[in-house]
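Student: got a predicted structure here, sequence first:
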Amino acid sequence: MPQLILDTFNLEAAQRRLCTEALDHAGNIVGAAKLLGITRHAMKRRIIKLGITRTRPAQAPAPAPSLSASA
């Protein structure tokens, strides 16, 4: 697990930093919550409370079904 060094003793800033680092490391809310030892609901509440915004990675469009007929 990477070590995290905080710039100040500001609790809200520390929570924001821990949450964003956990989200970056895990890639999703469930994984980040597991890393922090909290439930996904608690993680979601912290994201909303701390105003953390994340953009989801763009997903490749699903391939169109083939229209070839089999004989």
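Tutor: Thanks, I have it.
Student: other SSEs contacting the helix or strand harbouring D24?
Tutor: Assessed by DSSP states H and E, D24 sits inside helix 11-26. Based on contacts counted as 3 or more Cβ pairs under 8 Å, 6 or more residues apart in numbering; DSSP states H and E, the elements that helix 11-26 packs against are helix 29-36, helix 40-50. C-beta: built from backbone N, CA, C; applies to glycine.
Student: ok, and which of those has the densest surroundings?
Tutor: Per residue and on average, the most neighbours among the helices and strands packed on helix 11-26 fall to helix 29-36, with a mean of 17 (mean count of other Cβ atoms under 10 Å).
Student: what's the angle from that helix to helix 40-50?
Tutor: Angle, helix 29-36 to helix 40-50, by axes from the mean of the first three to the mean of the last three Cα atoms, to 10 degrees: 90 degrees.
Student: packing partners of helix 29-36?
Tutor: Under the contact rule (3+ Cβ pairs under 8 Å, 6+ apart), helix 29-36 is packed against helix 11-26, helix 40-50.
Student: packing partners for the last one?
Tutor: Helix 40-50 sits against helix 11-26, helix 29-36, with contacts defined as 3+ Cβ pairs under 8 Å, 6+ apart.
Student: what does the longest one contact?
Tutor: What that stands for is helix 11-26. Contacts to helix 11-26, defined as Cβ atoms under 8 Å, 6 or more residues apart in numbering, come from residues 2, 4, 6-8, 29, 31-36, 43, 46-47, 50, 52, 54.
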